[in-house]
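> how would this look folded up:
(one chain, ligands or ions: 2)
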Amino acid sequence: MGCTWSCCKPECQHNPQDGQSLRGAESKNGTYRFQLLLLGIDGSGKSTFLNQVKLMTDGFSAAERQQFIPIIYRNIFDTLDSLLDSLKTLNLALSVEGEDLLERYREQANNSVECAIRLQAARNLWVSERIVFEECFDRQNEFQNENRMYTNARYFMDEIDRISEEGYLPIVLDIINARRVTQEVLNYVYQDNDMEIQITDVGGGVDERQQMMEVFLMEGNLHGIIYIVAVDEYDVYALNETGEMQNRIRISLELFGQIMTHPWHMRTAFLIFLNKQDIFQRKLETSNIVKHFPEYQGFQNDVKDGGNFFRSLFRECANGRDTYFHNTQATDRNNIKRVFASIRGDLLKKGLQQIVVI
Ligand SMILES: Nc1nc2c(ncn2[C@@H]2O[C@H](COP(=O)(O)OP(=O)(O)OP(=O)(O)O)[C@@H](O)[C@H]2O)c(=O)[nH]1
Ligand SMILES: [Mg+2]
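Ligands and ions are numbered 1, 2, ... in the order given. Presented below is the predicted three-dimensional model:
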């Protein structure tokens, strides 16, 4: 097994294809080559899925793990800033000691993101005011539309003691939970004995969607598109491309609809991941789908009904194309291992039916 990372601009990808052919390819040494593209709006879990695939092969070298340090520090600072911003909305206040520690934390604001002193100041503030910050986490739904926290913000705050130790090197869970916005086009090649799968990851933020569509149109010979939806976002709203507040699942449905109505890659298999099942399940206990999707007729708080409902919305948008759904939790290694093994098997089956030897 082996794999490589590479990064390039959409212009240097492949020739546009006519959208009609699905081909497997056999290289001279008998390796079958396939190409997958990851799509979905920002934060849905594309890069996390890719990182899990990488962990199944070579994993991350010490140098690559090191590169996550500033990302993780940044996650902690951004989270702390969001928590502090939420205090007013929630009518909460820091203790006198906390105010003092906040001042010291703010004094470090101009220091580089990798600054250990800055992290220590963040840690001291978190430890002193943990009770009030925990209440902010518990009441996130009261401010999530103005001030959205990172999905796994809580994880990093709970791990802050370990992260602030001298010589800290991120562990697997840190990498999987880290949030880094993808802005470039990233190609990763998964390789084992008889097959090679190139997976392309591209950012799904409002500013990156144009680039995403360009990659969708320029990729030649795609064997599969994995469309990832953060299904826990049924009660979250954000600015859409026209600057209006819109439900995040509806934003994702619109992007999906645009892709599915495009006469490109007509014979490419579409795999839809209803991701973040862990948060979806937890959220259903307190947040009703029907409040955000009045057409929902399933039982309140029922994971199966809820999941089926969102499947049906995406299926309706699929314009008659074949779609295959998977419930996923991209942070769960075993879940992604199973899903990836099934995709790998399907690719081999499909590719072997329509093989082209190069
Ligand atoms: N709890 C939980 N967190 C998840 C899951 N999938 C992804 N995340 C977290 O969600 C955050 C966003 O995931 P990314 O993989 O960066 O999202 P993306 O789709 O690549 O986002 P862009 O690059 O902005 O398009 C990260 O902090 C992940 O750890 C999941 O199934 N459960
Ligand atoms: Mg990404």
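
> so where do the strands sit in the stretch 101-250 of the chain?
185-192, 195-202, 224-230, 237-239, 245-247 (DSSP state E, counting those that start in this stretch).

> just those: most buried one?
For the strands of the stretch 101-250 of the chain, the largest average neighbour count (mean count of other CB atoms under 10 Å) is found in strand 224-230, namely a mean of 25. Every residue, glycine included, has its C-beta placed from N, CA and C.

> Can you list the neighbours in contact with that strand?
Applying CB atoms under 8 Å, 6 or more residues apart in numbering, the external contacts of strand 224-230 come out as 34-41, 43-46, 49, 151, 216, 248-249, 252, 256, 259, 265, 268-276, 310, 314, 328, 330, 343, 346-347.

> how about stretch 309-323: buried residues?
Phe309, Phe310, Arg311, Leu313, Phe314, Cys317, Ala318, Arg321, Thr323 (16 or more other CB atoms under 10 Å).

> can you tell me the helix or strand for the fourth one?
I take that to be Leu313. With secondary structure defined by DSSP states H and E, Leu313 is part of helix 303-316.

> picking that back up, ligand 2: which of the buried residues of stretch 309-323 is nearest?
Within the buried residues of stretch 309-323, the smallest distance to ligand 2 is 20.2 Å, found for Phe314 (CB to the ion).

> Grab the nearest non-local neighbour of the closest one.
Closest residue to Phe314 apart from its sequence neighbours, by CB to CB, 6 or more residues apart in numbering: Ile272 at 5.5 Å.

> separation between the residue in the stretch 151-300 of the chain that ligand 2 sits nearest to and Lys283?
Using CB to the ion, Thr182 is the residue of the stretch 151-300 of the chain that sits closest to ligand 2, at 3.1 Å. As judged by CB to CB, to the nearest Å, Thr182 and Lys283 stand 25 Å apart.

> and what of Leu217?
35 Å.

> ok, for the residue most central in space within the chain, nearest residue in space, not its chain neighbours?
Central residue of the chain (CA atoms, centre = their mean): Gly45, 1.6 Å from the mean position. Computed as CB to CB, 6+ apart, the closest residue to Gly45 that is not its neighbour in sequence is Ala330, at 4.0 Å.

> and what of Leu38?
For Leu38, the closest residue by CB to CB, 6+ apart turns out to be Lys46, at 4.2 Å.

> what's the neighbour count on the one you found?
Neighbours of Lys46 under the rule other CB atoms under 10 Å: 29.

> What of the one 3 residues further on?
Phe49 sits with 24 neighbouring residues when counted by other CB under 10 Å.

> Thanks a lot, catch you later.
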